[in-house]
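**Student:** Here's a sequence, model it:
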Amino acid sequence: MDPTARARLETLLRDRREALRAEGDLEIAAEVDTARKVDDDAAPLAEMAKVIASNRNRARAEELEQIDAALGRLADDPEDFGRCEQCDEPIGMRRVELMPWVRWCIDCQQVREADRPGARRHLTDYRS
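**Tutor:** Modelled structure (predicted):
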């Protein structure tokens, strides 16, 4: 990878990391007071808000880990950065620019996702 592309990707990774850190975690709402009956919808809505906040915080933490790992790979082996870790083929530059932490090409990523237990394989999987 040429030094200009490397510097651009490093900047993208660092900027995204700082943006995620600046956002911070979503606050997970306190328990609803069930001693008084305020609203029948309050408890389910509060639970849904907790789940949404928790999922967002987890996804944010995972993305931060991926960014830190990508910065490490970029520093340790800049020549191989942007190559698929599975098939060793170059990952499309547009994909790398959109997700500089990406580790697999599209084909290998699809295989990895299809191999996950419970992975949805096709839109018609849920038809009766």
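
**Student:** my guess is residue 101 meets residue 64, correct?
**Tutor:** No - shown here, residue 101 and residue 64 do not form a contact pair, counting by C-beta atoms under 8 Å, at 9.6 Å. Placement of C-beta: from N, CA and C, glycine included.

**Student:** So between the two, which is more surrounded?
**Tutor:** Applying other C-beta atoms under 10 Å to residue 101 and residue 64 shows that residue 101 carries more neighbours, namely 21 against 15.

**Student:** which ones are touching that one?
**Tutor:** Taking C-beta atoms under 8 Å, 6 or more residues apart in numbering as the contact definition, residue 101 lies against 13, 63, 66-67, 69-70.

**Student:** By neighbours, which of these wins?
**Tutor:** residue 70 (23 neighbours).

**Student:** Pick out the residue nearest the middle of the protein.
**Tutor:** In the chain, the C-alpha nearest the mean C-alpha coordinate belongs to residue 63, at 4.3 Å (C-alpha atoms, centre = their mean).

**Student:** Okay, buried residues for the longest helix along the chain please.
**Tutor:** Taking DSSP state H as the assignment, the helix of the chain that covers the most residues is helix 42-76. Using 16 or more other C-beta atoms under 10 Å as the burial criterion, the residues of helix 42-76 that qualify are 50, 60, 66-67, 70-71, 73-74.
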